[in-house]
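Asks: One predicted model, sequence on top.
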Amino acid sequence: MAVPPIPPPLAQLGRRPFSFYPAILNAGHNEWVYRSATWSDVLVRNTKTNEEVSVPRRYLGEISRVDAPVMIVGLLAELEYRAGVVWPAQCRVIEMPMAANDGPRARMTRSPAVRAPVVGIRLESARTSRVGKVVVSGVAIGVAGCVLAISLFRGGVIATRAFYTPVLRVDLPLTPEDGYAAVVRTLGQPAMERRDQQYELLAYPERKLYVILMGPEGGAARYIGALDWNWRPAHAVELAGYGSSYGLLKRLPRF
């Protein structure tokens, strides 16, 4: 008698929708429901396209403890949807196009009967060798001196301090429990609103910030952080059962 497969942890969600993190590439809308499971795969259905996809069990990770703003199921590897099957994502190498007048170059071969000519090698004198070592040592000492001087200058030991801040950091009084209304009360009415799948964007040009909400439409989306005007994380929050939202914001494609 065949033994039924052990239900995966994902089965405990029942018919509640969830999102994969990282999202499956080329799969479109990132909202799914559990359907069934075998020993090797878990069958899920896309809530928007109704397309069913089998995800290998070995790629399934932990499930978030709470469903605010949305239930998250972690993936142990980045996957992509190709030809009706889920595969590990591959880095694609773009081959440079060949020049118009260029063509494949044949390898130059040498007849085994023809021996390579013998070229005499003149050994450098001891004096030349010593001069070369002195030059190399001088260059190395100069480079080390420059590095030391820059380190002292940036650390504030010499003259004034010099610091470079590549990413804007802000401290916003917003939490993962705050929704659209709380953001408007805190920052005012956004200049622009945009939505892509389960993400909602609120633009504040005067602050050079994009506020990001995640969750279903209808006011249920919740705050997960903010991006600066160059689409880099500027503020992150702790999501219960998941950790910091910094990684989620960093991987979020521009929309």
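Replies: Perfect, I can see it now.

Asks: can you pull the contacts of the nearest residue to Glu51 once chain neighbours are set aside?
Replies: Residue nearest to Glu51 in three dimensions, not counting chain neighbours: Arg45, with 7.1 Å by C-beta to C-beta, 6 or more residues apart in numbering. In this view, the C-beta of every residue, glycine as well, is placed from N, C-alpha and C. Arg45 makes contact with Trp32, Val33, Arg35, Glu51, Glu52, Val53 under the criterion C-beta atoms under 8 Å, 6 or more residues apart in numbering.

Asks: could you pull out the helices for the stretch 101-250 of the chain?
Replies: With DSSP state H, counting those that start in this stretch as the definition, the stretch 101-250 of the chain shows helices at residue ranges 126-155, 180-187, 246-250.

Asks: related to what we said a few turns ago, could you single out the nearest of the contacts of Arg45 to Glu62?
Replies: Each of the contacts of Arg45 was checked against Glu62 using C-beta to C-beta; the closest is Trp32, at 16.0 Å.

Asks: Could you check how many residues crowd around that closest one?
Replies: Counted by other C-beta atoms under 10 Å, the residues lying close to Trp32 total 25.

Asks: was I right about it contacting Arg15?
Replies: No. Trp32 is beyond contact range of Arg15, at 11.0 Å (criterion: C-beta atoms under 8 Å).

Asks: Can you flag the buried ones in the contacts of Arg45?
Replies: By the neighbour-count criterion of 16 or more other C-beta atoms under 10 Å, the contacts of Arg45 include these buried positions: Trp32, Val33, Val53.

Asks: Is Val86 in a helix, a strand, or coil?
Replies: Classification of Val86 by DSSP: H, G, I helix; E, B strand; the rest coil places it in strand.

Asks: Now do it: how many residues are near it, please.
Replies: Taking other C-beta under 10 Å as the neighbour definition, Val86 ends up with a count of 21.

Asks: Which pLDDT does the model give it?
Replies: Model confidence at Val86, given as pLDDT, is 86.

Asks: quick one, what contacts it?
Replies: Listed by C-beta under 8 Å, 6+ apart, the contact set of Val86 reads Ile24, Val53, Ser54, Val55, Pro56, Tyr59, Leu79, Glu80.

Asks: Bridged to it, which residues?
Replies: Note on Val86: beta-bridge partners Tyr81, judged by DSSP bridges.

Asks: how much space is there between it and Glu80?
Replies: For Val86, the distance to Glu80 under the criterion C-beta to C-beta, to the nearest Å works out to 7 Å.

Asks: ditto for Gly179
Replies: In this view, Gly179 and Glu80 are 32 Å apart by C-beta to C-beta.

Asks: Please say which of these two ends up with more neighbours.
Replies: Taking neighbours as other C-beta under 10 Å, Gly179 and Glu80 compare with Gly179 leading, 18 against 15.

Asks: Distance check, that one against Ser40.
Replies: Taking C-beta to C-beta as the criterion, Gly179 is separated from Ser40 by 40 Å.

Asks: rewinding a little: just grab the bridge partners of the residue nearest to Glu51 for me.
Replies: When bridges are called by DSSP bridges, Arg45 pairs up with Val33, Glu52.

Asks: pretty sure Gly61 is in contact with Gly74, am I right?
Replies: Yes. Between Gly61 and Gly74 there is a contact under C-beta under 8 Å: 3.2 Å.

Asks: Give me the neighbour count for Pro8.
Replies: Here the number of neighbours of Pro8 (other C-beta under 10 Å) works out to 17.

Asks: quick one: contacts for Ser36?
Replies: Contacts of Ser36 were listed using C-beta under 8 Å, 6+ apart, and they are Val42, Leu43.

Asks: Next, it: phi, psi?
Replies: Recorded main-chain torsions at Ser36 are phi -160, psi -180, according to degrees, to the nearest 10.

Asks: per-residue confidence at it?
Replies: In this model, Ser36 carries a pLDDT of 91.

Asks: what's the spacing between Pro56 and Trp229?
Replies: In this structure, Pro56 and Trp229 are 40 Å apart, going by C-beta to C-beta.
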